[in-house]
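S.K.: Everything below, folded, please.
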Amino acid sequence: MRIRIIGLPEEATQAANLIARTFDVVEISRPIPCRGASRNVRIYAEVRLPQPAE
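M.R.: A predicted model of the protein is given here:
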């Protein structure tokens with residue numbers, strides 16, 4: 001599953017860290033600047049659902 005995070009750099013990084021605590025992370029991208037005059041960035045997180053404990 002792929003999740004896109006959009007926000008200010010500090011907020012997006014904080015959200016990516018929270019996602020990493022919740023899901024099984026395959027990959028998290030570097031912050032990518034949004035187009036135009038925006039100060040926002042995008043971070044893509046590729047994750048898997050955590051496996052239930054047996």
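S.K.: Give the pairing partners of the longest strand along the chain; include direction for each.
M.R.: Secondary structure assigned by DSSP state E gives strand 41-48 as the longest strand of the chain. Strand 41-48 pairs in its sheet with strand 2-7 (antiparallel), strand 24-28 (antiparallel), strand 32-33 (antiparallel), by DSSP bridges.
S.K.: Of these, which stretch is the most buried?
M.R.: A comparison of the strands paired with strand 41-48 by mean neighbour count, using mean count of other C-beta atoms under 10 Å, puts strand 2-7 on top with a mean of 14. To be clear about C-beta, it is placed using only N, CA and C from the backbone, and glycine gets the same treatment.
S.K.: Show me how far that strand is from its chain's centre.
M.R.: Put simply, strand 2-7 sits 5 Å off its chain's centre (C-alpha atoms, centre = their mean, to the nearest Å).
S.K.: low-confidence ranges in the protein?
M.R.: Applying pLDDT under 70 to the chain flags no residue at all.
S.K.: redo that, cut-off 90
M.R.: 50-54 (pLDDT under 90).
S.K.: Now do stretch 26-40: everything it contacts.
M.R.: Residues outside stretch 26-40 that contact it (C-beta atoms under 8 Å, 6 or more residues apart in numbering): 6-9, 12-13, 16, 19-20, 41-48.
S.K.: ok, of the residues you listed, which come out buried?
M.R.: For the contacts of stretch 26-40, a burial check counting by 16 or more other C-beta atoms under 10 Å picks out 7, 12, 13, 16, 19, 41, 42, 43, 45, 47.
S.K.: could I get the residues you listed as JSON lines with distance to residue 32?
M.R.: Formatted as JSON lines, the buried ones among the contacts of stretch 26-40 follow (distance: C-beta to C-beta, whole Å):
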{"residue": "7", "distance to residue 32": "12"}
{"residue": "12", "distance to residue 32": "10"}
{"residue": "13", "distance to residue 32": "12"}
{"residue": "16", "distance to residue 32": "12"}
{"residue": "19", "distance to residue 32": "16"}
{"residue": "41", "distance to residue 32": "6"}
{"residue": "42", "distance to residue 32": "5"}
{"residue": "43", "distance to residue 32": "7"}
{"residue": "45", "distance to residue 32": "12"}
{"residue": "47", "distance to residue 32": "18"}
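S.K.: Alright, that wraps it up for me.
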